[in-house]
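1. Structure for this input, please:
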Amino acid sequence: MSSDMSDKSDKPSGTSFNTIFGPIIMAIDAELRAVRQEHAEIAPIFWQVIDYQFGWDLGPDQAELAAKAAGKKARPLLMALVAKAVSGDYQHVLPAGASLELLHNFTLIHDDVMDKSLERRHRPAVWTKWGAYQAINCGDGIYALSNIAMTRLLERGTPAEKVVRAARTMSQACLWTAEGQILDMDFETRETVTTADYITMISHKTGTLIEAAAHIGALLSTDDATVIDAYAQFARNLGIAFQVRDDFLGAWGDETRTGKSATTDIREKKKAFPILAAFEKATEADRAALRHIYAQDTLADSDIQTVLAIMARTGAAAQTDTIAKQYYDAALAHLDRTGIQNDTQTLIREFAAFLIRRAY
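-> Prediction:
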């Protein structure tokens with residue numbers, strides 16, 4: 001049930017990301033390790049999976065691979081940044097950040113089983129090592145551990161009422177993510193999917209866990225409902241912008257930057273935003289051609305060139321880029337609506353730029 005900001009690639013990437021955000025990421029990792037150490041290892045496989053999923057099974061001589069296996073922890077990082085922008089500190093939200101990161105990883109493990117993805121974060125996916133049934137079991141266990149991690153907020157002096165509200169926000173985000181994944185899988189066999197349908201799907205599948213990060217970071221740092229809502233809306237729009245921009249790169253991206261063929265999404269017959277935009281504006285003849293191509297089990301190189309030509313004729317690239325920009329601009333407008341101006345707020349803008357991988 002993962003969003004597509006899912007660490008299958010190494011996004012956001014670059015030394016500068018780790019340089020800027022490294023200390024907070026280390027604090028999040030320390031909290032995750034503390035959660036992991038609280039429990040007796042009755043079922044060793046479960047804890048082996050957790051250590052593997054977070055790269056904790058790798059020694060100091062494998063530091064580079066361990067960093068990739070650990071993931072970028074983008075969601076708890078955003079939570080911490082919002083908390084610091086609002087209150088000047090982020091230590092008080094670390095248990096919620098660990099909870100969110102565990103929840104995110106539960107979705108990744110299940111997502112790989114559903115998609116039959118062989119690799120995650122530069123290593124074999126969990127299900128390929130322990131089998132699909134154990135991957136599902138371990139994913140369920142990580143979801144439970146996420147709920148337990150949230151209760152550690154009480155040890156930080158967080159009022160019980162706020163812990164409950166944070167937990168509800170997290171559970172609501174998980175529900176929305178599941179609904180988004182269900183829609184995404186339904187789209188694979190549905191004959192007609194509109195761009196509006198797609199935006200609804202990704203707002204749930206991609207946007208909601210990002211929204212939860214900012215929402216909870218603000219919720220645990222202020223009682224100002226306007227500020228909390230503004231950060232939440234900023235993050236949801238950012239998640240949508242990220243996914244649409246990622247769809248653009250999936251069709252026309254620079255392979256040297258994305259690390260994958262620019263036509264991967266087309267070859268895999270993903271009903272991403274560009275192809276849906278092309279279908280809506282195509283002539284009847286081009287629509288018929290697209291239906292024929294996407295009905296095939298596999299696509300030939302000539303099919304991909306036909307799809308690219310139809311996209312070019314319909315202006316799908318420009319429309320995709322425009323929609324991504326609209327949501328990115330909306331995200332920044334909501335960020336401004338918080339009324340907060342400080343160095344950490346500037347870092348949040350930099351974080352957003354890293355996710356989009358270009359400044360609009």
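
2. Give me the helices and strands touching the strand or helix carrying Ser99, please.
-> Using DSSP states H and E, Ser99 maps to helix 94-115. The helices and strands touching helix 94-115, judged by 3 or more Cβ pairs under 8 Å, 6 or more residues apart in numbering; DSSP states H and E, are helix 15-37, helix 44-53, helix 74-87, helix 126-130, helix 132-151, helix 160-187, helix 207-219. Every residue, glycine included, has its C-beta placed from N, CA and C.

3. go with 10 Å
-> Applying 3 or more Cβ pairs under 10 Å, 6 or more residues apart in numbering; DSSP states H and E, one finds that helix 94-115 contacts helix 15-37, helix 44-53, helix 74-87, strand 119-120, helix 126-130, helix 132-151, helix 160-187, helix 207-219.

4. In a markdown table, list those along with mean neighbour count, distance to Gly97 and mean pLDDT.
-> Output for the helices and strands packed on helix 94-115, formatted as a markdown table (neighbours: other Cβ atoms under 10 Å; distance: least, Cβ to Cβ, whole Å; pLDDT from 0 to 100):
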| stretch | mean neighbour count | distance to Gly97 | mean pLDDT |
| --- | --- | --- | --- |
| helix 15-37 | 16 | 5 | 87 |
| helix 44-53 | 18 | 16 | 93 |
| helix 74-87 | 27 | 3 | 97 |
| strand 119-120 | 18 | 21 | 89 |
| helix 126-130 | 20 | 22 | 95 |
| helix 132-151 | 19 | 9 | 96 |
| helix 160-187 | 17 | 11 | 95 |
| helix 207-219 | 30 | 8 | 97 |
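
5. Tabulate the ones you listed (CSV), appending distance to Ala96.
-> What follows is those, written out as CSV (distance: least, Cβ to Cβ, whole Å):
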stretch, distance to Ala96
helix 15-37, 9
helix 44-53, 19
helix 74-87, 6
strand 119-120, 24
helix 126-130, 24
helix 132-151, 6
helix 160-187, 5
helix 207-219, 5
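
6. can you tell me which of the ones you listed comes nearest to Arg287?
-> helix 160-187 (16.9 Å; Cβ to Cβ).

7. who's in contact with stretch 158-166?
-> 79, 92-93, 95-96, 99-100, 150-154, 156, 212, 215-217, 219-221, 223, 228 (Cβ atoms under 10 Å, 6 or more residues apart in numbering).

8. Sorry, wrong one. I was asking about stretch 293-312.
-> Against stretch 293-312 from outside (Cβ under 10 Å, 6+ apart): 191, 251-252, 261-263, 266-271, 274-275, 277-279, 281-283, 285-287, 289-290, 292, 316-317, 319-320.

9. From the opening residue of stretch 336-345 to its closing one, how far?
-> 9 Å (Cα to Cα, to the nearest Å).

10. Just the buried positions in it, please.
-> 338, 340, 344-345 (16 or more other Cβ atoms under 10 Å).

11. got the contact list for it?
-> 80-88, 90, 214, 218, 222, 224, 226-231, 233-234, 335, 348-349.

12. May I ask which two of the buried residues of stretch 336-345 are separated the most?
-> Among these, the pair separated by the greatest distance (Cβ to Cβ) is Thr338 and Thr344, which sit 11.4 Å apart.
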